[in-house]
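Enquirer: quick one, structure for this:
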Amino acid sequence: TLAEWRSHHGNLQFIVPHPMTARFGLTKDGKRSPRTLANTGGRRCQVVEFDGKDVPKHEQARYLKALGESMDLVMVVDSGNKSLHGWFNVDGVPESEVEDWFDFALRLGADSATWTRCQMVRMPEGLRNGKKRQRVLFFDRRRLRC
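Expert: Below you'll find the model as predicted:
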C-alpha cells in the first residue's frame, strides 16, 4: 500500500512502473505471487534501458532523446551503475503504437526485459544495493497524463 511504501521508498532498489491491481496474482505456473502479469494493470510509463549493452551514458541519453520525439519522455533515472532508464508516458496510447515504438528502441539496443508489464526497474531516487543513489536526472511532470 502507499502507506507502507512511503515509509521506506528511499531505500528501495526496484519498482514496477505500472499499477498493481491486487496484492497478489497467479503466475503462469498457478502460484500465488505479489508480482505477476495477472495483478499488473495496463501500461502507464514504459521504461527503456540499455542495461548491459556497454553503450556510454552520453549515447544512451541521445537514444532516449530520439525516442522522446515520438513518445513523451517523463523522467530519466541513472541506475547507479552503467545505464540510464528513460520513463515514457504511454498512458492512453494504443498498445500497437507503443509496441512499434518499443521495437524501435530495441533496434537502438534497448533491453527487451522492460516490455514485460510486471518487470521491476530501478526505483527513482532509490538505493542500489543499499549504497548508491539512483538519481533522477530529468523529470517533466507536465508530460504525465495520469
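Enquirer: got a list of what Lys132 touches?
Expert: Lys132 makes contacts with Gly80, Asn81, as judged by Cβ atoms under 8 Å, 6 or more residues apart in numbering. All C-beta atoms are positioned from the backbone trio N, CA, C, and that covers glycine.
Enquirer: so what's it bridging to?
Expert: Judged by DSSP bridges, the bridge partners of Lys132 are Arg128.
Enquirer: since we're on Asn39, how many residues are nearby?
Expert: The local packing of Asn39 (other Cβ atoms under 10 Å) involves 20 other residues.
Enquirer: how about it, nearest residue that isn't a chain neighbour?
Expert: Gly25 (2.9 Å; Cβ to Cβ, 6 or more residues apart in numbering).
Enquirer: so what's the backbone phi/psi at the one you found?
Expert: The phi/psi pair for Gly25 (degrees, to the nearest 10) reads phi -150, psi 180.
Enquirer: against Asp140, how distant is it?
Expert: In this structure, Gly25 and Asp140 are 32 Å apart, going by Cβ to Cβ, to the nearest Å.
Enquirer: ok, now Gln119?
Expert: 23 Å.
Enquirer: same deal with Ser112?
Expert: Between Ser112 and Asp140 the computed distance is 26 Å (Cβ to Cβ).
Enquirer: still on that earlier bit, can you count the residues close to the residue nearest to Asn39?
Expert: For Gly25, the count of nearby residues is 18 (other Cβ under 10 Å).
Enquirer: Gly130 now?
Expert: The burial count for Gly130: 9, using other Cβ under 10 Å.
Enquirer: what do you get for the one 5 residues further on?
Expert: Applying the criterion other Cβ under 10 Å, we find 13 residues in the vicinity of Arg135.
Enquirer: ok, the closest residue to it other than its chain neighbours - contacts?
Expert: Leaving aside its chain neighbours, Arg135 sits nearest to Asp78 (4.7 Å; criterion: Cβ to Cβ, 6+ apart). Counting by Cβ under 8 Å, 6+ apart, Asp78 touches Lys57, Leu84, His85, Gln134, Arg135, Leu137.
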